[in-house]
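J.: What would the 3D arrangement of this be:
(one chain, ligands or ions: 1)
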Amino acid sequence: MQRIERVTALPAAWSHHGTAFHHAAEQVERSNRAMGADEAVEAFSERYGLLVNAALDKEPNTDRWLSASGSGGDDIERRYVLGQEQTRHYVEWVNETQPEVWTTPDDQPALELYFMVELGGVKVRGYIDQLIAEDEASVRVRDLKTGTMKSKFQLETYKVAVTQKYGVTVNRGDWYLAKNGGLSRAVKLDEVTEEQVGERFAAMDAGVKRGDFEPNPGFSCRFCDMKHACSFSTSKT
Ligand code: SF4
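T.: Residues are numbered from 1 along each chain as shown. Alright, predicted model coming up:
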């Protein structure tokens, strides 16, 4: 609906929360963890404020903002405080556990790492939050999450992209869960192949080209930024 019918998505504080948290974590890592918690919290707050204010300029009515609990306005305020706490925890956690960020062959820290690869005949591009050095020969893909939605397929895609681009071994992936202030359990990726991931991208791409957009109404409608314009939505508020 957004790409073809050009429907404007409803705003949600959770997306700005996630973006600002990623920004602060990246700043911490790019400073080689010299950045302290106060400065990191400031980086989060500044970015969150900029993003939310820009979105409020476009949609000033916070009752039209998506929210998982309470009003849109309450959610904006709640996530400002929550994101600050999560940023502070992240700084404490990295300083305590000291994960080693992998360095790419062109001498770049593997942070917000861009990739563009071909999988199943489809051009796939993205940014990987972090690659962590496990030992000399392998890296672990890590995705930072402020929400609860986790996609194993996302980690699988990162694995094959990293292997294709850098020829490095990826046996595991995980999520840093800001809600818990720590890592998820590791996801095994050693048996994931480029063919398997490529097949899924090829199938999705073929579906898009056929215009095969089956509605899937249900619980997820509550969090869907198209629900205001979707005739199948089970949640209009
Ligand atoms: S059915 Fe629900 S989840 Fe799917 S597009 Fe419509 S509102 Fe969104």
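
J.: Only C-alpha atoms from now on, for both contacts and neighbour counts.
T.: Fine.

J.: buried set for the strand ranked longest in the chain?
T.: Ranked by residue count, the top strand of the chain under DSSP state E comes out as strand 122-135. For strand 122-135, the neighbour count (16 or more other C-alpha atoms under 10 Å) marks 122, 128-134 as buried.

J.: With stretch 105-119 instead?
T.: So for stretch 105-119, counting by 16+ other C-alpha under 10 Å, buried means 109-112, 117, 119.

J.: Sort out which of the residues you listed are in strands and list them.
T.: Mapping the buried residues of stretch 105-119 onto strands (DSSP E) picks out 111-112, 117, 119.

J.: How about the residues of the protein by the ligand?
T.: Residues of the chain lying close to the ligand by C-alpha under 6 Å from any ligand atom are 215-217, 220-221, 224, 226-227, 230, 232-233.

J.: Of those residues, which is the most crowded?
T.: Taking other C-alpha atoms under 10 Å as the neighbour criterion, residue 227 ranks highest of these with 21 neighbours.

J.: Can you add secondary structure and pLDDT and give the residues of the chain next to the ligand back as JSON lines?
T.: Below are the residues of the chain next to the ligand laid out as JSON lines (DSSP: H, G, I helix; E, B strand; the rest coil; pLDDT from 0 to 100):
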{"residue": "215", "secondary structure": "coil", "pLDDT": "93"}
{"residue": "216", "secondary structure": "coil", "pLDDT": "92"}
{"residue": "217", "secondary structure": "coil", "pLDDT": "95"}
{"residue": "220", "secondary structure": "helix", "pLDDT": "90"}
{"residue": "221", "secondary structure": "helix", "pLDDT": "93"}
{"residue": "224", "secondary structure": "coil", "pLDDT": "93"}
{"residue": "226", "secondary structure": "coil", "pLDDT": "95"}
{"residue": "227", "secondary structure": "helix", "pLDDT": "94"}
{"residue": "230", "secondary structure": "coil", "pLDDT": "94"}
{"residue": "232", "secondary structure": "coil", "pLDDT": "94"}
{"residue": "233", "secondary structure": "coil", "pLDDT": "94"}
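
J.: can you list the domains in the protein?
T.: For the chain, automatic domain parsing gives the domain ranges 13-98, 111-210.

J.: Would you tell me which of these gets closest to residue 104?
T.: Closest of those to residue 104 is domain 111-210, at 7.8 Å (criterion: C-alpha to C-alpha).

J.: coming back round to it: if you count neighbours, what's buried in whatever helix or strand comes next after the longest strand of the chain?
T.: Using DSSP states H and E, the next helix or strand after strand 122-135 towards the C-terminus is strand 138-145. By neighbour count on 16+ other C-alpha under 10 Å, the buried set for strand 138-145 is 138-145.
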